[in-house]
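Asks: Build me a model from this:
(2 chains)
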Amino acid sequence: MSKKFETFESWVTYCRNEESSSFIDNAAWDHALFLFKNLLSVAAEKGEDVRLVSGHLNSDFFNQILEELEQCVKAGVLIDVIVLDRSLSDPANIFEKKLGAYEKGSILYCPKAISSSLPHMLLVGDRRFRLETDHEQTKALASFNNKEMVKTLSILYVQGKNLISGIPNNNQSQVA
Amino acid sequence: MDVASSLNGLIIVASAISVIAQYSDTIHRTEVASMKDQMRDVDLKNTNGDAGLVSIKPDWDEFMKGECLRANRFVEALFVFLIACIVFHAVVVFFPDYSGKWALLCFAIYLGWTSLWLGLRLRCMAKEREDKRSSTKQIRATYEAVMSSIKSHDRHHHEQEPS
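Replies: As a prediction, the model looks like this:
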């Protein structure tokens, strides 16, 4: 975090407002949540597509970003999600239900056999991202303006999606 | 204030600036070398045409050259300046009739000019460090993400091979 910002939140807010190309390091659950909220808000605000790769959609986390999901739904942005481990599916997850019911939303579940290695990431449009570099320690790198990185991550996302789609018996809940 | 006292003042200021330049140069060089060391385990010599790895290879190549801005020329310039000051000091002491005001003015201008350029160089070095830190993060994160993705694909292809 830059020295002139006292809190993580003020640093993220600055980067978001200024569309800064600086990298934001985060290694805490609440930091991840704050970044998700901000990235989804920007997606709704600017009408940018959202692509997400997550281990599982745990309700503790994802039920806290329902407001931002609602904003995205209202803005009509595409939300494309890959869930790597369906066995951890949580019945209390409202996020998953709402996304499943959204006409421009899709959730692709992937078999455990190929799941663990795909990098967890959230991509918004062509320049905003959050990439987990160490899932166990919630370490991640994010930016609100880095086209080069998002371009590379988009390639990985598409490759991963194609790989999962090519496996028989995969379950894609709904595709816009 | 006489010429000798003014000259002493210039010598003290030049010495201090020289120490700052040397210190900044060492810090900068050490940090860049350390970042280069950290990048050694990221091996992009053979990208196998992978789009993700190809995208970070130019940055990685640049990094592995290990070249960085330096301030050592300014340290040398200030060292020469200090020697000139010592010689001039001796001249003033041995030839009391020589006022040396114009020479003193030239010394002051030289020191001011060198300090100005040194300041600009130190600023560029700070920016270079910041850029390299950013670049390190980007290369490492992208590399790890690409390698994870490659592992997934390899595992999938391996499972599909007939036993």
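Asks: how about the closest residue to residue A:123 other than its chain neighbours, secondary structure?
Replies: Leaving aside its sequence neighbours, residue A:123 sits nearest to residue A:51 (Cβ to Cβ, 6 or more residues apart in numbering or on different chains; 4.3 Å). Just so you know, the C-beta spots here come from the backbone N, C-alpha and C atoms, and that holds for glycine as well. Under the three-state scheme (DSSP: H, G, I helix; E, B strand; the rest coil), residue A:51 adopts strand.
Asks: residue contacts, residue A:51?
Replies: A:80, A:81, A:121, A:122, A:123, A:124, A:154, A:157 (Cβ atoms under 8 Å, 6 or more residues apart in numbering or on different chains).
Asks: Strand partners (parallel or antiparallel) of the longest strand belonging to chain A?
Replies: If you go by DSSP state E, chain A has its longest strand at strand A:128-134. Sheet pairing for strand A:128-134, assigned by DSSP bridges, gives strand A:121-124 (antiparallel), strand A:139-143 (antiparallel).
Asks: Show the average pLDDT along the last one.
Replies: Per-residue pLDDT over strand A:139-143 has a mean of 91.
Asks: Let me know the angle separating the next helix or strand along the chain from that strand from strand A:139-143.
Replies: Downstream of strand A:139-143, the next assigned helix or strand under DSSP states H and E is helix A:147-165. If you take axes from the mean of the first three to the mean of the last three Cα atoms, to 10 degrees, helix A:147-165 sits at 120 degrees to strand A:139-143.
Asks: what's the distance between helix A:147-165 and the middle of its chain?
Replies: With Cα atoms, centre = their mean, to the nearest Å as the basis, helix A:147-165 stands 13 Å off its chain's centre.
Asks: what about that helix, near chain B?
Replies: Yes. Among the residues of helix A:147-165, A:148, A:149, A:151, A:152, A:153, A:155, A:156, A:159, A:160, A:163 lie within reach of chain B under Cβ under 8 Å from any Cβ of the partner chain.
Asks: Give me the buried subset of those residues.
Replies: Among those, those classed as buried by neighbour count (16 or more other Cβ atoms under 10 Å in any protein chain shown) are A:149, A:152, A:153, A:155, A:156, A:159, A:160, A:163.
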